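> Pasting the sequence and the predicted model now:
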Amino acid sequence: GNSVTQMEGPVTLSEEAFLTINCTYTATGYPSLFWYVQYPGEGLQLLLKATKADDKGSNKGFEATYRKETTSFHLEKGSVQVSDSAVYFCALSDKIYRGTSYGKLTFGQGTILTVHP
Amino acid sequence: DTGVSQDPRHKITKRGQNVTFRCDPISEHNRLYWYRQTLGQGPEFLTYFQNEAQLEKSRLLSDRFSAERPKGSFSTLEIQRTEQGDSAMYLCASSLSFRQGPGAFFGQGTRLTVV
């Protein structure tokens, strides 16, 4: 079955540091890949996504590239801010209905990020 | 559009009692999902509906769990004879089935504590 493995946290950084959170996956076929973020007291929010190999998803300064050869989707940000402190989840979804929509999500265990001023 | 709404936000119940949670999806979304998240873990898929039809159930969904979406709008998740192992955050998400777009939108969840 499908599975997602994220680097273990917590990750603690100083403001303006470079961030990488590793994510690798196991899936049949060509899944779509996602990063979700959960800020304290809030629900899960989609941060970015990529639907095919070599696609780069980006949002709010975060980026991740769909690497089929290494089955990876690592999250990066060049300069983190205190407001980026949150839990980050990597996830995948099979494409269904001939690739026209997403199916259920399989999540990694989450990585806690804390950014200090 | 107020997003996905879940009620209650918190529920404390005694072991053996039944509980029911409600989810109101984004109004035009025809697909609705339930997930369960335990402390320190990512959400795990429980079940999903397309309109009123329940199309898939996880093996995590034991016989004590039942979900409905009677008119293809809101959904309820009931847990009968709760056990301490049922303590978790129960998340609801909704999406459109006919295009990829932004994928699923999540509610803030219902935190269940079984004492």
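In hand now; what should we look at? Since the model is a prediction, treat every value here as computed from it, not as a measurement.
> Tell me the confidence at the nearest residue to B:S75 once chain neighbours are set aside?
Nearest residue to B:S75, sequence neighbours excluded (Cβ to Cβ, 6 or more residues apart in numbering or on different chains): B:R69, at 4.2 Å. Quick note: C-beta positions are derived from backbone N, CA and C, even for glycine. Looking at B:R69, its pLDDT stands at 96.
> Relative to chain A, how far out is the nearest residue to B:S5 once chain neighbours are set aside?
Closest residue to B:S5 apart from its sequence neighbours, by Cβ to Cβ, 6+ apart: B:D24 at 4.3 Å. Using Cβ to the nearest Cβ, to the nearest Å, one gets 13 Å for the distance from B:D24 to chain A.
> re the thing from before, so the residue nearest to B:S75 touches B:Q54, yeah?
Yes: in this structure, B:R69 is within contact of B:Q54 by Cβ atoms under 8 Å, at 7.2 Å.
> Pick out the residue of chain A closest to chain B.
Nearest to chain B in chain A, going by Cβ to the nearest Cβ, is A:F107, at a distance of 3.1 Å.
> Tell me how many other residues surround that residue.
Neighbour count of A:F107, defined by other Cβ atoms under 10 Å in any protein chain shown: 22.
> again with A:V82
12.
> A:G1 too?
Residues lying near A:G1 (other Cβ under 10 Å) number 6.
> Would you mind listing what in chain B touches chain A?
Residues of chain B that fall close to chain A, judged by Cβ under 8 Å from any Cβ of the partner chain: B:4, B:31, B:33, B:35, B:40-45, B:48, B:56, B:91, B:93, B:95-100, B:102-109.
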